[in-house]
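Trainee: Build the 3D model from these lines:
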Amino acid sequence: QVIDSTSLGWGTRVKGFVACFAIGCLCSVLGSCLLWIPKKGLILFAVFYTLGNIASIGSTLFLMGPVKQLKRMFEPTRLIATIVMLLCLVLTLCSAFWWRKAGLALLFCILQFFAMAWYSISFIPYARDAVKKCVSVCL
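Mentor: Just a heads-up that it's a prediction; the model follows:
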């Protein structure tokens, strides 16, 4: 159904996914390298890490299409994870550009990581239950 509703062929969509995902990974790695620059490093890390996550999320638009992706993001099982993830993305950029608080940007990057991980494992059947059980056993 998605293939019929888009003008892009399957090969083109896979190439778009790979390219966008690679750009996302590159931005995240670049952000990690820029972390060690004095004074501005933490802000650069927050910006590049956030841009990397946005590109990684955007890469799935090529596979599913934008409408289906948005519908799946806001399903009841993913709603809270999606809202927290998007909120952390925005707050990371706000703390870097608007508030200029490096520590707050780092905190939101950490929260962004956990929110993105929780969102991502929601696509794997029973993965959230396994993580919850593992954490409860560890605690």
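
Trainee: From now on I want contacts and neighbour counts done on CA atoms only, so please keep to that.
Mentor: OK.

Trainee: how about low-confidence regions in this structure?
Mentor: By pLDDT under 70, the weakly predicted segments of the chain are 1-6.

Trainee: centroid residue for it?
Mentor: Compute the mean C-alpha point of the chain, and by C-alpha atoms, centre = their mean the closest residue is residue 53, 3.5 Å away.

Trainee: which residues sit in contact with that residue?
Mentor: Taking C-alpha atoms under 8 Å, 6 or more residues apart in numbering, we find residue 53 in contact with 24-25, 28.

Trainee: go again using 7 Å as the cut-off
Mentor: residue 24 (C-alpha atoms under 7 Å, 6 or more residues apart in numbering).

Trainee: How much space separates it from residue 41?
Mentor: As judged by C-alpha to C-alpha, to the nearest Å, residue 53 and residue 41 stand 18 Å apart.

Trainee: what does residue 73 give?
Mentor: Separation of residue 73 from residue 41 (C-alpha to C-alpha): 32 Å.

Trainee: Over to residue 68?
Mentor: 37 Å.

Trainee: Among these two, which residue is more densely surrounded?
Mentor: For residue 68 versus residue 41, neighbours defined as other C-alpha atoms under 10 Å are more numerous around residue 41 (17 against 12).

Trainee: Now the more buried one: closest residue in space, sequence neighbours ignored.
Mentor: The shortest distance from residue 41 to any non-neighbouring residue, by C-alpha to C-alpha, 6 or more residues apart in numbering, is to residue 35 (4.3 Å).

Trainee: Tell me the buried residues in stretch 71-87?
Mentor: 72-73, 78, 80-82, 84-86 (16 or more other C-alpha atoms under 10 Å).
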